[in-house]
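Q: Build the 3D model from these lines:
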Amino acid sequence: MALNLYLDDCADSTSLDRLLRQAGHTVVRPKDAGILGRPDDIHFAYALQHSLVILTKDPNDFLALHRQNPNHSGIFAGYQDNHLGRDMTPADIVAAVARIEAAVGYPIAGEFHNLNAWR
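A: Residues are numbered from 1 along each chain as shown. A predicted model of the protein is given here:
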(Lines give C-alpha, C1' and ligand atoms only; values in the text may rest on other atoms or scores of the structure.)
Protein backbone atom coordinates (compact mmCIF):
# COMPACT_ATOMS: atom_id res chain seq x y z
CA MET A 1 0.00 0.00 0.00
CA ALA A 2 1.39 3.39 -0.91
CA LEU A 3 1.29 6.13 1.69
CA ASN A 4 1.00 9.89 1.40
CA LEU A 5 3.93 11.12 3.47
CA TYR A 6 5.10 14.50 4.73
CA LEU A 7 8.78 14.95 5.61
CA ASP A 8 9.16 17.62 8.28
CA ASP A 9 12.24 19.88 8.29
CA CYS A 10 14.27 17.39 10.37
CA ALA A 11 13.60 14.44 8.05
CA ASP A 12 13.71 16.37 4.80
CA SER A 13 16.40 14.96 2.52
CA THR A 14 16.74 14.31 -1.18
CA SER A 15 17.90 10.72 -0.66
CA LEU A 16 15.00 9.85 1.67
CA ASP A 17 12.54 11.51 -0.71
CA ARG A 18 13.96 9.51 -3.64
CA LEU A 19 13.87 6.17 -1.80
CA LEU A 20 10.32 6.70 -0.54
CA ARG A 21 9.13 7.58 -4.05
CA GLN A 22 10.89 4.49 -5.45
CA ALA A 23 8.95 2.45 -2.87
CA GLY A 24 5.73 3.87 -4.36
CA HIS A 25 4.89 6.55 -1.82
CA THR A 26 3.78 10.10 -2.46
CA VAL A 27 6.09 12.53 -0.67
CA VAL A 28 5.53 16.17 0.23
CA ARG A 29 8.47 18.20 1.53
CA PRO A 30 8.38 21.49 3.44
CA LYS A 31 9.58 23.45 0.41
CA ASP A 32 6.70 21.94 -1.61
CA ALA A 33 4.26 23.13 1.05
CA GLY A 34 5.86 26.57 1.38
CA ILE A 35 6.57 26.09 5.09
CA LEU A 36 10.30 25.38 5.15
CA GLY A 37 11.79 26.35 8.53
CA ARG A 38 8.44 26.91 10.23
CA PRO A 39 7.62 25.62 13.75
CA ASP A 40 6.59 22.00 14.22
CA ASP A 41 2.96 22.87 14.95
CA ILE A 42 2.71 24.43 11.48
CA HIS A 43 4.10 21.25 9.89
CA PHE A 44 1.69 19.16 11.98
CA ALA A 45 -1.28 21.32 10.95
CA TYR A 46 -0.29 21.12 7.28
CA ALA A 47 -0.03 17.33 7.38
CA LEU A 48 -3.32 17.11 9.25
CA GLN A 49 -5.10 19.35 6.74
CA HIS A 50 -3.76 17.35 3.77
CA SER A 51 -4.19 13.85 5.30
CA LEU A 52 -0.46 13.13 5.21
CA VAL A 53 1.48 10.75 7.45
CA ILE A 54 4.28 12.73 9.09
CA LEU A 55 7.82 11.39 8.94
CA THR A 56 10.11 13.16 11.42
CA LYS A 57 13.45 12.89 13.16
CA ASP A 58 12.13 15.20 15.89
CA PRO A 59 10.16 12.65 17.93
CA ASN A 60 9.77 14.56 21.19
CA ASP A 61 8.01 17.58 19.70
CA PHE A 62 5.76 15.45 17.50
CA LEU A 63 4.91 13.11 20.37
CA ALA A 64 3.67 16.16 22.28
CA LEU A 65 1.63 17.27 19.24
CA HIS A 66 0.23 13.74 18.90
CA ARG A 67 -0.87 13.79 22.53
CA GLN A 68 -2.58 17.15 22.00
CA ASN A 69 -4.39 15.93 18.88
CA PRO A 70 -4.35 12.20 18.08
CA ASN A 71 -6.74 12.67 15.13
CA HIS A 72 -4.05 12.67 12.42
CA SER A 73 -3.00 10.32 9.60
CA GLY A 74 -0.08 8.93 11.62
CA ILE A 75 3.40 9.91 12.72
CA PHE A 76 6.57 7.96 11.88
CA ALA A 77 9.39 9.10 14.17
CA GLY A 78 13.04 8.14 13.92
CA TYR A 79 15.13 8.69 17.02
CA GLN A 80 18.61 10.05 16.33
CA ASP A 81 21.54 9.69 18.73
CA ASN A 82 24.09 11.29 16.39
CA HIS A 83 25.84 7.93 16.41
CA LEU A 84 26.71 6.48 13.04
CA GLY A 85 26.05 2.89 14.11
CA ARG A 86 22.66 3.55 15.73
CA ASP A 87 21.06 6.29 13.66
CA MET A 88 18.76 5.15 10.87
CA THR A 89 19.85 5.69 7.30
CA PRO A 90 17.30 6.68 4.65
CA ALA A 91 17.23 3.01 3.54
CA ASP A 92 16.59 1.91 7.16
CA ILE A 93 13.69 4.36 7.38
CA VAL A 94 12.11 3.14 4.13
CA ALA A 95 12.47 -0.48 5.28
CA ALA A 96 10.84 0.33 8.65
CA VAL A 97 7.93 2.06 6.91
CA ALA A 98 7.51 -1.04 4.70
CA ARG A 99 7.43 -3.29 7.78
CA ILE A 100 4.73 -1.14 9.38
CA GLU A 101 2.72 -1.24 6.14
CA ALA A 102 3.05 -5.02 5.98
CA ALA A 103 1.86 -5.57 9.56
CA VAL A 104 -1.68 -6.74 8.86
CA GLY A 105 -4.23 -4.93 10.97
CA TYR A 106 -1.63 -2.58 12.46
CA PRO A 107 -3.12 0.92 12.51
CA ILE A 108 -1.19 3.88 11.12
CA ALA A 109 -3.72 6.72 11.44
CA GLY A 110 -3.91 8.32 14.86
CA GLU A 111 -0.78 6.52 16.05
CA PHE A 112 2.75 7.57 16.92
CA HIS A 113 5.21 5.02 15.49
CA ASN A 114 8.81 4.64 16.65
CA LEU A 115 10.60 3.67 13.43
CA ASN A 116 13.67 2.46 15.33
CA ALA A 117 11.56 -0.37 16.78
CA TRP A 118 10.77 -1.56 13.21
CA ARG A 119 14.37 -1.99 12.00
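Q: buried ones in the lengthiest helix in the chain?
A: The longest helix of the chain (DSSP state H) is helix 90-102. Of all the residues in helix 90-102, those buried under the rule 16 or more other CB atoms under 10 Å are 90, 93-98, 100-101. Every C-beta, even on glycine, is put in place using the N, C-alpha and C of the backbone.
Q: Next: stretch 61-81.
A: Those would be 61-62, 65-66, 72-78, for stretch 61-81 by 16+ other CB under 10 Å.
Q: likewise stretch 34-54?
A: Residues of stretch 34-54 classed as buried by neighbour count (16+ other CB under 10 Å): 35, 40, 43-48, 52-54.
Q: from those, which two are the most distant?
A: 35 and 53 (16.6 Å; CB to CB).
Q: wait, what's in contact with residue 4?
A: For residue 4, the contact set (CB atoms under 8 Å, 6 or more residues apart in numbering) comprises 25-26, 28, 50-53, 73.
Q: got it, and residue 8?
A: Counting by CB under 8 Å, 6+ apart, the residues that residue 8 touches are 30, 40, 43, 54-58, 62.
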